[in-house]
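# Need a 3D model of the following:
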Amino acid sequence: MKYSYKTSRTCSRSIDIEVEDGIIKSVRFNGGCMGNTRGISALVEGMKVEEVIKRCKGIDCNGRGTSCPDQLAIALEKMMG
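Numbering: from 1, shown residues only. Next comes the predicted model:
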């Protein structure tokens, strides 16, 4: 299953996600800090969706009330629905 999510209040503009059988196959952030977003993507690939949501949800960046990892968790929740 592939999903594209438009982010909010982050430097990244969107996230493209691919999940198969509850496991994250790929994550691509469009925009944002390349090193950080590529790092997040590399770390979560191969993980269960539920675990990524649990670890990333609620992470804040500079008082924005969200972050790229938090937006990923929100996207995964919407994707899995």
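# Direction included, what does the host helix or strand of Arg13 pair against?
If you go by DSSP states H and E, Arg13 is part of strand 12-20. Sheet pairing of strand 12-20 (DSSP bridges) gives strand 2-6 (antiparallel), strand 23-31 (antiparallel).
# Please identify the most buried of those.
The highest average neighbour count among these, using mean count of other Cβ atoms under 10 Å, belongs to strand 23-31 at a mean of 17. Quick note: C-beta positions are derived from backbone N, CA and C, even for glycine.
# quick one: contacts of the next helix-or-strand element following that strand?
From strand 23-31 onward toward the C-terminus, using DSSP H and E, the following helix or strand is helix 34-44. Residues outside helix 34-44 that contact it (Cβ atoms under 8 Å, 6 or more residues apart in numbering) are 12, 24, 26-29, 52, 56, 68-69, 72.
# Pick out the residue closest to the middle of this structure.
Central residue of the chain (Cα atoms, centre = their mean): Leu72, 2.1 Å from the mean position.
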